[in-house]
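Peer 1: Sequence and predicted structure, then a few things I'm wondering about:
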Amino acid sequence: MIVQLLGLFARRLLVAIPILFVVSALVFVVLRVLPVDPAAMSMPPNATKSEIEAKRQEMGLDRPLPEQYAIWLGKTLKGDFGASIHFRRAVSSLIAETLPATIELALLAMLLAAGLGFAGGLLLFHWRGTWRGEAADLGSTMLMSAPDFLWGLLFILAFGVLWPLLPFTGRLASSFARPVHTGFLLLDTLIEGRLDMFLDVLKHMLLPATALGLAFSVPIMRVLRSSLYEIDHADYIRQARLRGVSEKRILLRHALKNAILPTLTLMGVQFGFLFGGTLLIEVIYSYPGLGNLMVDAVRNADLPIIQAVALAYAAVVLVINMIVDGLYLVLNPRLRAA
Amino acid sequence: MGKRLARQDLAFLRSGRVIAGAILVGTVMICALFAPLLVPHDPQEQNLITTLVPPAWSAGGDPEFLLGTDSLGRDVLSRLLYGARVAMTVAILASLGAMLIGATLAHIAGYFGGKVDWVIGRAVDVWMSFPPVVLSLVLMTGLGAGISSVILAIVLVDWTRFCRVLRAEVLVTRRQDYVAAARLVGFGHWRTLTREILPATMPLLITLFSIEMGIAVIVEAILSFVGMSVGANQSAWGQMIADARQTIYESGWNLVLPMLAIFVTVLGFNLLGDGLRRSLDPRLMQAREL
Amino acid sequence: MANALTRRSLLGATALGFFGLQSLASRNRARAAEPDAVTIGWPQDVPSWDPNQRFVPDAQPIFKMVFDQPLDQDPKLKLIPNVVKSWELAADARSLPIELREDVVFHNGDKMTTADFRYTFFERIKAGHKVDIANSWRKVTDIEIVSPTKAVMHFASPAPTAPQWLAFLGSYVVPKDYMEKTGVDGFRDKPIGSGPYRLAEYELNARIVLERNDAYWGQKAKMRRVTFEIIKDPSARVAATQSGEVDLTISVPVREVQRLKNEPNLDGELNPITRVILLQVRDDLGFADQNVRLAAHHAIDKKALSQAFYGGAAVPLSVPATPGTAAYLDDYRFSYDPELAKQLLAKSGYSIEKPAKFTFASTNGNFPSDYDIARALVQMWKKVGIEADLEVIEYAKYFELNRGAKLPEATLYSFDNATGDPEIFAGYLLNPKMPFSAWKGMEIGQRAIDLFNVANYDERVAGYKTLNKDAVESGASIPLLQSVQTLVRKKNLTYTRYENGWVRADTMAWG
């Protein structure tokens, strides 16, 4: 089992690494087309032309593009993502500070999406063929038509402005000193044993995570329903029915177990989208994560950050896909036996 | 084949979803096409004295501004109508572009298989490793703001949606007997692809196209929300939302109305897509999600 | 709670889940204020914890809490002693002797001496540290150390505003030994200064927590703990203020100030500050014609702009300086006159049917209502026969574009000058050699350059007064409004208002 998992991860890495190379090259080229001069941007306002020219040479900007990429890649492989033009700090430290916040938010959102998705999928399936099913299906189409950022704004308007119940900025109320262990605040507050802080963090995450989760729950419920449909006609389910097993038991014990696999695969794909969705949600909720860093960088034309953050997003997505594949292997008895 | 399509034509006319979707999309389309005739005011005309007038039905409303005015005193209704133009333009052009690239590559990959398939498959993998929002933001940084950049960015990001799903469909179709028969009869690749395979993948293509239009509307809204879409002298829904966010406490309506416009339009496309999928290919509805 | 929530969500009743949170939320709103702690909602993070590194006006009030500037300003902007207790600019403005206090210690216990002063304003620059003060102090040829408390700054050319600069952007004394030991990067991670507070906690783009420095040489601050919550979104700052999460915030929309003032425990202020909102213009392309530039200026209804976007609190300006500063002209007005604008345009052959065309750039979100003002201007111009093509640029790109002479004909710009000195208004804005100036015309430009070398204060100010007027009348400068700092605070929180908009936590107290 472990061997199989490791083998899978190794194979996945073999695919993921070239992908990351291509991704990085792609981003590099796209950003070099930009009508901004990174050398000039990184200099103080009064810098003279000759100083900027010197800086250009120092940054290797006078060399041909492939060579520039090679230099950048060489540094990146050593873990040196360069220094931010705007913050004048190492990009790697900026990413290390913001990535946990984003992952935490995305995971909570995924949890909510999965919860809503499974509940909705079961309901959709349970009500199949009735007017309720039709209505629920229509409801799911409507849910799908409101993208995450619209939910985000609506929640701010409803629960932040019109009916001020929940905070909609940041990660933690200012009366608390932020614990620093892992960067994952939910975890850090638990390490400190501070339940009040834990709840506060959760409260801050609730609106953005729900906004994200709602939008991404629809595909999950639909795939679950379709998988359940298919399995419903399978022989072993019919046999179970013939044996007199209750519908509820069939649904929960037999059908659901098998319908989970395709749903899981989809969730892997969805997580990539959801992780990208955090970008706008973070901006809307002033949530100090990767997305805010990225949007700021785009506004400031801070190329080293844009490059590294784009790569970070891609890397996280690939890692997630790998984990999903691993889970798939663990959960699927047929694959495991093979 | 012709007969089958004809029956399907009738089938999707019976679908409540398709009708509802068509009505919604049609309404937005009419707004977009006839915006210059429909608007009560010039959507760019400012009046710095009458800023943030609430909608006509609420206290302090003015019947002259049916849906109120924004922070520059511009008529919200007129801006919404003109916003439909931007949304529809992007939806149609971007989806067409994404469909052309995605469908072409999908057919090539699925039909020829082998190395071509492998290369296209890897390209899709690379693209899919980017969250779409991140990729479009990177692209927009390179392309610069503007509506044509938005369209191009959507095409460059979303062709994979077509490619991924359609390729599988082409693979299935290629193995059908009538395709093999066509090849045996001596049809060339081009003819086989366009005459035999394309008709079979068409229902899925149309469905995907409809859903992609909804996605394009959303992406345009996102990009104009972060200020990378149309310029200041045009109105776009995302831009209206961005403006309204600054005055969220004084006028929730300014925020809600463009959100509603986006929702209704996307809902229209999704209903249409959903309905078409059910009517055109019942097998798909159960077996595959997009 | 978490379990209950998940279960509810599973039931698909998300909306109901929110109702369940009501009890939780109400606790958040009613937080009792600690008697000696204050939380400030701030729109921007510090660019870095090396205070010499980047010039960001909004970061100055934070830096001033942790680090010390050689000189300080009083609320009326008069220069006053700080860690430099006395100074005397030479008559030729080529040297500046200073004397430091003896009792200043950095947060690590090291004593501040002239060695630190020399390090900050000379050695760092010579060593090639990438700091913005390398530009403000590039004239420094040496800093001669006379004793641990006495030093003399020497300049390559007259530096009449050197004392002002000792209290201005980026001029903070950093500890030489400590910085040499930790390196610049190490310093940024663990910065120490000699200010009234020390940095206790920092989370990028999220919060800054300061704790009182009990070994401070000056008057002890009342607040023991100061938290800056970095909240970039204006409506989020409003919400945080309304919910009581922050005790004071700035840069909220003017309408919000008026609304929040009605809340029983809040007070709102609209404070004009030493910041001008103006158009930086070129002297060529579509703006080569003086008639067009002047028409563009006469067409602007500044009062309407102030009413619409700043609740009428922003003073319409006719010169690029703010009221109360040395070179402001109290009795000079540039008229709002659309008819005159049309006539001027007609003289050059333009009309509403055949409009003069140019490109106009603005930031979006760099200062309150910037984009709104820009869009309003485009409309005002349209009415007299000027068609401006508005493009949005990022503030960071201004200098790069200007350096490459790629700025459009006009750019909406906000210029902060906490010192109030005219050199840092008209001088910087119009001297073609400065990165701020889009204007390269030498008739006005040379006069600005010459004024940089005038050592005598009265002569300098008189020169800037005439320059201000002439620049506006030849269309080299289109000043719009004096910027307004909006501020909302709890009623019982007092602070000292500075005319340059500094909001200093060390002046705050619960009353």
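Peer 2: On my side now, so go ahead.

Peer 1: Now the most centrally placed residue in chain A. Nearest residue, chain neighbours left out?
Peer 2: Within chain A, one residue has its C-alpha closest to the average C-alpha position: by C-alpha atoms, centre = their mean, that is residue A:275, at 1.7 Å. Closest residue to residue A:275 in three dimensions, ignoring its sequence neighbours and counting by C-beta to C-beta, 6 or more residues apart in numbering or on different chains: residue A:106, at 4.9 Å. The way it works is simple: take the backbone N, C-alpha and C, and place the C-beta from them, glycine included.

Peer 1: and the residue in the stretch 201-338 of chain A that chain C sits nearest to, what does it touch?
Peer 2: Closest contact between the stretch 201-338 of chain A and chain C, by C-beta to the nearest C-beta, is at residue A:288 (4.0 Å). Shown here is residue A:288, whose contacts under the criterion C-beta atoms under 8 Å, 6 or more residues apart in numbering or on different chains are A:98, A:101, A:170-171, A:282, C:203-206, C:230.

Peer 1: So what does the residue in the stretch 51-200 of chain B positioned nearest to chain A look like in phi/psi?
Peer 2: Here the residue of the stretch 51-200 of chain B nearest chain A is residue B:131; by C-beta to the nearest C-beta that distance is 2.0 Å. Per-residue torsions, residue B:131: phi -60, psi 130 (degrees, to the nearest 10).

Peer 1: OK, contacts around it?
Peer 2: For residue B:131, the residues meeting the contact criterion (C-beta under 8 Å, 6+ apart) are A:272-273, A:275-277, A:279, A:313, A:317.

Peer 1: Save those as a markdown table, and put in distance to residue A:326 and secondary structure too.
Peer 2: Rendered in a markdown table, the data for these read as follows (distance: C-beta to C-beta, whole Å; DSSP: H, G, I helix; E, B strand; the rest coil):
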| residue | distance to residue A:326 | secondary structure |
| --- | --- | --- |
| A:272 | 16 | helix |
| A:273 | 20 | helix |
| A:275 | 18 | helix |
| A:276 | 22 | helix |
| A:277 | 23 | helix |
| A:279 | 26 | helix |
| A:313 | 21 | helix |
| A:317 | 15 | helix |
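
Peer 1: Can you tell me which of those residues are buried?
Peer 2: Under a neighbour-count criterion of 16 or more other C-beta atoms under 10 Å in any protein chain shown, the subset of the contacts of residue B:131 counted as buried comprises A:272-273, A:275-277, A:279, A:313, A:317.

Peer 1: What is the nearest of the residues you listed to chain B?
Peer 2: When the buried ones among the contacts of residue B:131 are compared for distance to chain B, the smallest value, 2.0 Å, is given by residue A:276; criterion: C-beta to the nearest C-beta.

Peer 1: Report the contact partners of that closest one.
Peer 2: Contacts here follow C-beta under 8 Å, 6+ apart; on that basis residue A:276 touches A:313, B:130-135.

Peer 1: rerun at 7 Å
Peer 2: Contact partners of residue A:276, counting by C-beta atoms under 7 Å, 6 or more residues apart in numbering or on different chains, are A:313, B:131-134.

Peer 1: Excluding sequence neighbours, find me the nearest residue to it.
Peer 2: Beyond its immediate neighbours in the sequence, the residue positioned closest to residue A:276 (C-beta to C-beta, 6+ apart) is residue B:131, lying 2.0 Å away.

Peer 1: Equivalent analysis for residue C:386, please.
Peer 2: Nearest-residue entry for residue C:386: residue C:356, 5.0 Å, with adjacent residues in sequence omitted and distances by C-beta to C-beta, 6+ apart.

Peer 1: and the longest helix for the chain?
Peer 2: The chain I'm using is chain A. For chain A, the helix with the greatest residue count under DSSP state H is helix A:195-232.

Peer 1: Chain C is the one I meant
Peer 2: Ranked by number of residues, the top helix in chain C under DSSP H is helix C:457-473.

Peer 1: CA atoms of that helix as PDB?
Peer 2: Extracted C-alpha coordinates of helix C:457-473, given in PDB (Å, rounded to 0.1, in the frame of the first residue of the first chain):
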ATOM      1  CA  TYR C 457      14.600  82.000   3.400                       C
ATOM      2  CA  ASP C 458      12.700  85.200   2.700                       C
ATOM      3  CA  GLU C 459      14.100  85.500  -0.700                       C
ATOM      4  CA  ARG C 460      13.300  81.900  -1.400                       C
ATOM      5  CA  VAL C 461       9.700  82.200  -0.300                       C
ATOM      6  CA  ALA C 462       9.200  85.400  -2.300                       C
ATOM      7  CA  GLY C 463      10.600  83.600  -5.300                       C
ATOM      8  CA  TYR C 464       8.200  80.700  -4.900                       C
ATOM      9  CA  LYS C 465       5.200  83.000  -4.500                       C
ATOM     10  CA  THR C 466       5.800  84.600  -7.900                       C
ATOM     11  CA  LEU C 467       6.700  81.200  -9.400                       C
ATOM     12  CA  ASN C 468       3.400  79.700  -8.100                       C
ATOM     13  CA  LYS C 469       1.300  82.400  -9.800                       C
ATOM     14  CA  ASP C 470       3.300  82.400 -13.100                       C
ATOM     15  CA  ALA C 471       3.200  78.700 -13.300                       C
ATOM     16  CA  VAL C 472      -0.600  78.600 -13.000                       C
ATOM     17  CA  GLU C 473      -1.100  81.500 -15.400                       C
END
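
Peer 1: Show me what that helix packs onto, helices and strands only.
Peer 2: Helix C:457-473 is packed against helix C:426-430, helix C:442-451, with contacts defined by 3 or more C-beta pairs under 7 Å, 6 or more residues apart in numbering or on different chains; DSSP states H and E.

Peer 1: The longest one: which residues count as buried?
Peer 2: Spelled out, that is helix C:442-451. Using 16+ other C-beta under 10 Å as the test for burial, helix C:442-451 gives C:444-445, C:447-449, C:451.

Peer 1: okay, residue 266: pLDDT?
Peer 2: I went with chain A, as the question did not name one. Among the per-residue scores, residue A:266 holds a pLDDT of 83.

Peer 1: that's the other chain; I wanted chain C
Peer 2: Per-residue confidence (pLDDT) for residue C:266: 95.

Peer 1: Next, name the residue at the spatial heart of chain B.
Peer 2: The residue lying closest to the centre of chain B (C-alpha atoms, centre = their mean) is residue B:213, at 1.4 Å.

Peer 1: Helix or strand for that residue, just tell me which one.
Peer 2: Take DSSP states H and E as the rule and residue B:213 turns out to sit in helix B:198-225.

Peer 1: What mean pLDDT does that helix get?
Peer 2: The average of the pLDDT scores along helix B:198-225 is 91.

Peer 1: and it with chain C, contact?
Peer 2: No. Remark: helix B:198-225 sits outside contact range of chain C, by C-beta under 7 Å from any C-beta of the partner chain, the gap being at least 11.7 Å.
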